[in-house]
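S.K.: Predicted model, plus sequence, below.
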Number of protein chains: 2
Amino acid sequence: MLRQAHGVATTARRSTSLVRRFKHGDAREQLRQLLLSRASARGFSPEPVPDDVLANVVKMTQRAPSAFNTQPYACILVRDQADRDRLAGAMLASNGQKVKDAPVVAVFAADLEPSRRVPRLQKMMYDNGASPAEVNNLPLYLRMFAGEGHIADGIRSVISTVISPLRAVPGAVPTIAWSFKQTTFAAATFLHAAESQGLVTRPMEGYDETRVRAALDIPDRYGIPVIIGCGYPKADAETSSRGPSPRLEAIEVFFDGKFGQSSANIFVNSKEAQKTE
Amino acid sequence: MLRQAHGVATTARRSTSLVRRFKHGDAREQLRQLLLSRASARGFSPEPVPDDVLANVVKMTQRAPSAFNTQPYACILVRDQADRDRLAGAMLASNGQKVKDAPVVAVFAADLEPSRRVPRLQKMMYDNGASPAEVNNLPLYLRMFAGEGHIADGIRSVISTVISPLRAVPGAVPTIAWSFKQTTFAAATFLHAAESQGLVTRPMEGYDETRVRAALDIPDRYGIPVIIGCGYPKADAETSSRGPSPRLEAIEVFFDGKFGQSSANIFVNSKEAQKTE
């Protein structure tokens, strides 16, 4: 039914969007293939990543979204062999070797005290023509959603229980969960940005956070949600790959309309569409 | 210095990767432009998203990585106008209207009791030829890294304080932070996957979690890190766009080698490279 509605739409807006889509069609199909073939790298070539390629990856990574555009993360790009060898001592099991082998190791750090960024963020907003109301409301919004401070957590928990039936209110999310989420939007974008430059990546969470902090001078104020090895693919890893790891069936993870309601129709229609096209 | 080392490498592997990179050069530049131009949608066309397009987005989203490939999330695709109108009552401020306008609303839910997925995950691993050791170790790894259970949290906190100086051990991360992180890898991939299909997206975290759960029958077992509106761009939003939102300077967010150590060289070299090419 949805497809039919799509097929008969003939407005001017639709024509415009068709032209636009046609123009970028090749890039979009390439992106689809890149995303579908993404897998964790099993090895890295020793070939270094040139600065201009890395700068490109960084610029793309920074386009990741964050709540109220607060960007509450830092990323340490560890490249010198000596630095990576030191970091390897903070990694668990085979991740140590991976950090030694990957020419770039991106350590993503999540700010657990995001309110300390407010003055800098307000300056950025002001410089870019935000309204006074937007600039002034930032501390309030940040406190409300990032849930910083244990007292705030308690109050918000009461509010979300007592007021929610009367009026929609923000949930009570711990700051670490909020900050890990914002940082992961950037880390995930880093994966795809690197792929767009012909690089491969390997996200890791097997490490000793205390030791990683010590090795890279990361203040206690930051948690470390993920460390990503990055470089050009190793020639023999490309040929001996076991292929992408399996996934659950799409209908087990994606629901249609409500939790537990099957999304099978989406995929059935999709297969029919492929047959008739 | 890194660039120089890059320039003089003349191994066979390097030639292979040069050919590979040259072949895909145009596509990569287009991809880079796509990722660089990503921004939150300010409006959606009422044009529905066809099932086959949505199925493509789902398939790409599922390629997102997760710790031990546990995929501890669900995603509810809300499409019917009546369902979206009901969900709108759970959203804060202008997000209510956005949920009414976006033809697809993807509600990402993070499993806060990931251990309950173990039997299904073990079956998936077994079906895909994982070794008995990998299959058997999953519950242990999941408990160790996902930090499920308050008693486990306490024990791990002690371990990471006392044992870390002697031996690298996993950190003590609350389950909600771990699960939000895994789910956000999928949510961020959804953004890029949608872009690859000519769609635009708007991630939102302004909502009442209790009300969202009630509106979509989501069990208490799940937290809700992000809700993403998705559809074709609205014609007039394209022309009246204020352009992508600003970002902090790259050198404020990305460090080179250690926290606080300037990454300016990466971007200086990058600019020089652009000039001479």
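M.R.: Done, it's in. This is a predicted model, so every value here is computed, not measured. Numbers count the residues shown, from 1 in each chain, chains lettered A, B, ... in the order given.

S.K.: Could I have the CA atoms of the lengthiest helix in chain A written out in CSV?
M.R.: When chain A is scanned for its longest helix (criterion: DSSP state H), the result is helix A:175-196. Presented in CSV, the C-alpha positions along helix A:175-196 are these (Å, rounded to 0.1, in the frame of the first residue of the first chain):
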residue,chain,number,x,y,z
THR,A,175,25.2,11.0,33.2
ILE,A,176,27.6,8.2,32.1
ALA,A,177,24.8,6.6,30.0
TRP,A,178,24.0,10.0,28.4
SER,A,179,27.7,10.8,27.7
PHE,A,180,28.5,7.3,26.4
LYS,A,181,25.6,7.7,24.0
GLN,A,182,26.7,11.1,22.6
THR,A,183,30.3,9.8,22.3
THR,A,184,29.2,6.7,20.5
PHE,A,185,27.4,8.7,17.8
ALA,A,186,30.9,10.2,17.1
ALA,A,187,32.7,6.8,17.4
ALA,A,188,30.2,5.1,15.0
THR,A,189,30.6,7.9,12.5
PHE,A,190,34.4,7.5,12.8
LEU,A,191,34.0,3.9,11.6
HIS,A,192,32.0,4.9,8.5
ALA,A,193,34.2,8.0,7.8
ALA,A,194,37.3,5.8,7.9
GLU,A,195,35.7,3.3,5.5
SER,A,196,34.9,6.1,3.1
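
S.K.: near chain B at all, it?
M.R.: Yes: for helix A:175-196, a contact with chain B is found by CB under 8 Å from any CB of the partner chain, at A:176-178, A:180-181, A:184-185, A:187-189, A:191-193, A:196. (Each C-beta comes from the backbone N, C-alpha and C, glycine too.)

S.K.: Now do that helix: distance to the chain's middle.
M.R.: How far helix A:175-196 lies from its chain's middle: 3 Å, per CA atoms, centre = their mean, to the nearest Å.

S.K.: And for stretch A:225-245?
M.R.: The chain centroid and the centroid of stretch A:225-245 are separated by 19 Å under CA atoms, centre = their mean.

S.K.: Relative to residue B:83, how far out is the nearest residue to residue A:199 once chain neighbours are set aside?
M.R.: Excluding its sequence neighbours, the residue lying closest to residue A:199 (CB to CB, 6 or more residues apart in numbering or on different chains) is residue A:230, at 5.6 Å. Look at residue A:230 and residue B:83: by CB to CB, to the nearest Å, they are 40 Å apart.

S.K.: The two: which has the busier surroundings?
M.R.: Using other CB atoms under 10 Å in any protein chain shown, the more surrounded residue of residue A:230 and residue B:83 is residue A:230, with 27 against 20.

S.K.: what bridges to the more buried one?
M.R.: As for beta bridges, residue A:230 partners with residue A:104, residue A:201 under DSSP bridges.

S.K.: list the contacts for it?
M.R.: Neighbouring residues of residue A:230 by CB atoms under 8 Å, 6 or more residues apart in numbering or on different chains: A:44, A:49, A:57, A:102-106, A:190, A:194, A:199-202.

S.K.: ok, these vs residue A:211, which is closest?
M.R.: residue A:105 (14.1 Å; CB to CB).

S.K.: pLDDT wise, what is that closest one at?
M.R.: On pLDDT, residue A:105 comes in at 98.

S.K.: Having no further points to raise, I will conclude here.
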